[in-house]
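Trainee: coords please:
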Amino acid sequence: MNAIRLRDFIEDREGCLYAVSNYDNAGRIGCILRYVPDADGERTNRAGRRYRKYDFVESFDWIREHRPAYLDNVHRVPCSDVVRVYKPEEEIAGVAARNARVARLLAHLSLPAGSFGCTGSLLCGLENEASDIDLVVYGETWFVAQRRLRRLVETGVIPGMSTAMWRKVYDKRVPEISFDAFVLHEQRKWNRGEFEGTYFDLLYTRAYDNLDAVPAGKGRVLGRTMIEATVTDASLSFDSPAVYAVDHDDISRILSFTHTYSGQALAGEVVEAKGVVEEHGDERWLIVGTTREAQGEYIVSKTLLESV
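Mentor: Next comes the predicted model:
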């Protein structure tokens, strides 16, 4: 089997379902609990089993009570406890067969087989009428999908995001920047949209031959700071974490662990970023998103803001 990677799902021996949130999954898989079997749960899979969906805080509470050995910065499930791995690229045919809206969206994007899939509730067969479409595209094909989405919106095939939807996303993210600055950055990312009344994300995940692109692990915390720096490489800026190589006297990389600041700046742009400094070998990295809502932490493109 191919390596377990970001945006896969795993199922443990009791039927709990976890979203894989890491690339470093040797021995114990880094993930977040999302669905727990519950006779009174609001979701039902295709076999008739009912589940309850857990949000981020609830999931940690449940793990703390029921699986304390899994507790870490994320949930760490031993490979020996996993009975099934759900891979978006392998399950997408079944998802599209039962969900005509997904099939129509994929037909518009027209991506190579094996380069895309759906994660989230659609991957697990636990979607309902209100479920978003969480599209995953792998490696360099993601940028093909991004360009095609832009063209589809600009030609009117897919509508642009409404102000109401931007406000909904902003309120959910609770970022440290203004609504206007948020939308200004978001509108050029082309990584989300609305299709037939349903919100969708275009999520980046590394190809199998590039899983070790960024060293894993937490560094020694040195403190908090704000910097201005020029981005020299943004090729992994839509990943999780988003990675920006920068030209700066002290900081070599900015990493964002919140989706809010993925794709936030292009190579050659000057950014302002505030977060926690970690030491990684001979390098120092600025970490944004050290808490769920990244309070007091942000990345903005000064080049973009000053252009308007």
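Trainee: okay, and the helix or strand of this structure with the least pLDDT?
Mentor: Within the chain, no helix or strand scores below helix 163-173, which has a mean of 91 by mean pLDDT, DSSP states H and E.
Trainee: what comes into contact with that one?
Mentor: Residues outside helix 163-173 that contact it (C-beta atoms under 8 Å, 6 or more residues apart in numbering): 179, 182-183, 186, 192, 194, 199, 258-260, 293. For glycine as for every other residue, the C-beta is placed from the backbone atoms N, C-alpha and C.
Trainee: mind saving the C-alpha coords of that helix as PDB?
Mentor: Once non-C-alpha atoms are left out, helix 163-173 reads as follows in PDB (Å, rounded to 0.1, in the frame of the first residue of the first chain):
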ATOM      1  CA  THR A 163     -19.900  38.200  -0.500                       C
ATOM      2  CA  ALA A 164     -22.100  36.200   1.800                       C
ATOM      3  CA  MET A 165     -20.000  33.100   1.300                       C
ATOM      4  CA  TRP A 166     -16.800  35.100   1.900                       C
ATOM      5  CA  ARG A 167     -18.200  36.500   5.100                       C
ATOM      6  CA  LYS A 168     -19.200  33.000   6.200                       C
ATOM      7  CA  VAL A 169     -15.600  31.800   5.600                       C
ATOM      8  CA  TYR A 170     -14.100  34.800   7.300                       C
ATOM      9  CA  ASP A 171     -16.300  34.400  10.400                       C
ATOM     10  CA  LYS A 172     -15.400  30.700  10.600                       C
ATOM     11  CA  ARG A 173     -11.700  31.400  10.400                       C
END
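Trainee: contacting residues for the closest residue to L126 other than its chain neighbours?
Mentor: Setting aside the residues directly before and after it, L126 is nearest to R43 in space (C-beta to C-beta, 6 or more residues apart in numbering), at 4.3 Å. Going by C-beta under 8 Å, 6+ apart, R43 touches 35, 50-53, 121, 126, 128.
Trainee: quick one on the thing from earlier: let me know the closest of the contacts of helix 163-173 to E58.
Mentor: Closest approach to E58 among those (C-beta to C-beta): E293, at 15.5 Å.
Trainee: got the buried residues for the longest strand seen in the chain?
Mentor: Identified as the longest strand of the chain according to DSSP state E is strand 220-236. Buried residues in strand 220-236, counted by 16 or more other C-beta atoms under 10 Å: 227, 229-231, 234, 236.
Trainee: for V214, state which of these is nearest.
Mentor: Closest to V214 out of those is L236 (6.9 Å), distances taken as C-beta to C-beta.
Trainee: retrieve the pLDDT associated with the residue nearest to the closest one when sequence neighbours are not counted.
Mentor: Nearest non-adjacent residue to L236, counting by C-beta to C-beta, 6+ apart: V243, 4.1 Å away. For V243, the pLDDT comes out at 96.
Trainee: what's across from V243 in the sheet?
Mentor: Under DSSP bridges, the beta-bridge partners of V243 are L236, L255.
Trainee: got the contact list for it?
Mentor: So V243 contacts 213-214, 236-237, 253-255 (C-beta under 8 Å, 6+ apart).
Trainee: roughly how far does it sit from Y23?
Mentor: 12 Å (C-beta to C-beta, to the nearest Å).
Trainee: need the overlap of contacts for the two.
Mentor: V214.
Trainee: before we move on, the earlier item: so can I have JSON lines of the buried residues of strand 220-236 showing distance to F143?
Mentor: Output for the buried residues of strand 220-236, formatted as JSON lines (distance: C-beta to C-beta, whole Å):
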{"residue": "I227", "distance to F143": "27"}
{"residue": "A229", "distance to F143": "23"}
{"residue": "T230", "distance to F143": "22"}
{"residue": "V231", "distance to F143": "16"}
{"residue": "A234", "distance to F143": "11"}
{"residue": "L236", "distance to F143": "12"}
